[in-house]
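Undergrad: what would the 3D arrangement of this be:
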Amino acid sequence: MPVQRVFTVAEARAILPLVRSIVRDVRDVWRKIITDPAGADVFFGRRKLADCSTDELNRLQNMEQELSVFSTELQQLGIELKSPETGLVDFPSVRNGSMIYLCWRDGEPDVLYWHSIETGYLGRQLIEEGEVTVYKLTIESSIDLNHPSE
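TA: This is a model prediction of the structure:
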């Protein structure tokens, strides 16, 4: 099983300037894709990729590759891109012994929310300072909560 980075609230907030920059790049590419006539047609299901011209395919593949590069940058940081359209990302974390996500969306001033793995974005709750107990750990095959960092 691959090693998954787990963030404390402080760590997520510290890396946010870099994440914000990458997410803005993601959103710029996303806007290019959905404002491209072929990209919009394919995305909204009005046309199949097979019906695109060679020029359109090349253009879409270049934009898709660009989007993939930015998505990979986030993954290498341990962050999950949830929506290239809204700039929604999740930082894996732990709260009271359970895996959760710290949640941030482009335009928000800081990492202010968390949600359980099961509820997703719709279950977001405000992080109350001192209320969220987060442990720094590395997940391989089991969770070790013996080393609290906050």
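Undergrad: which of the three states applies to Ser68?
TA: Secondary structure state of Ser68, per DSSP: H, G, I helix; E, B strand; the rest coil, is helix.
Undergrad: no no, Leu81
TA: strand.
Undergrad: touching, it and Asp25? I think so.
TA: No - Leu81 lies out of contact with Asp25 (C-beta atoms under 8 Å); the separation is 11.3 Å. No exception for glycine: its C-beta is placed from N, CA and C like everyone else's.
Undergrad: of those two, which one has the most company?
TA: Between Leu81 and Asp25, Leu81 has the larger neighbour count (other C-beta atoms under 10 Å), namely 20 against 15.
Undergrad: tell me the bridge partners for the more buried one.
TA: For Leu81, the beta-bridge partners are Val89 (DSSP bridges).
Undergrad: for it, give me the pLDDT.
TA: At Leu81, the pLDDT value in this model is 97.
Undergrad: relative to Arg95, how far out is it?
TA: Distance from Leu81 to Arg95, counting by C-beta to C-beta, to the nearest Å: 21 Å.
Undergrad: same check on Arg47?
TA: Here the distance between Arg47 and Arg95 works out to 44 Å (C-beta to C-beta).
Undergrad: check Gly78 too.
TA: Here Gly78 is placed at a distance of 17 Å from Arg95 (C-beta to C-beta).
Undergrad: so for those two, which sits in the more crowded spot?
TA: Set Gly78 next to Arg95 and count neighbours by other C-beta under 10 Å: Arg95 wins out with 20 against 16.
Undergrad: isn't the more buried one up against Trp114?
TA: Yes - assessed by C-beta under 8 Å, Arg95 is found in contact with Trp114 at 6.5 Å.
Undergrad: what separates the longest helix along the chain from the chain centre, distance-wise?
TA: Ranked by residue count, the top helix of the chain under DSSP state H comes out as helix 9-35. Here helix 9-35 is found 8 Å from its chain centre; the criterion is C-alpha atoms, centre = their mean, to the nearest Å.
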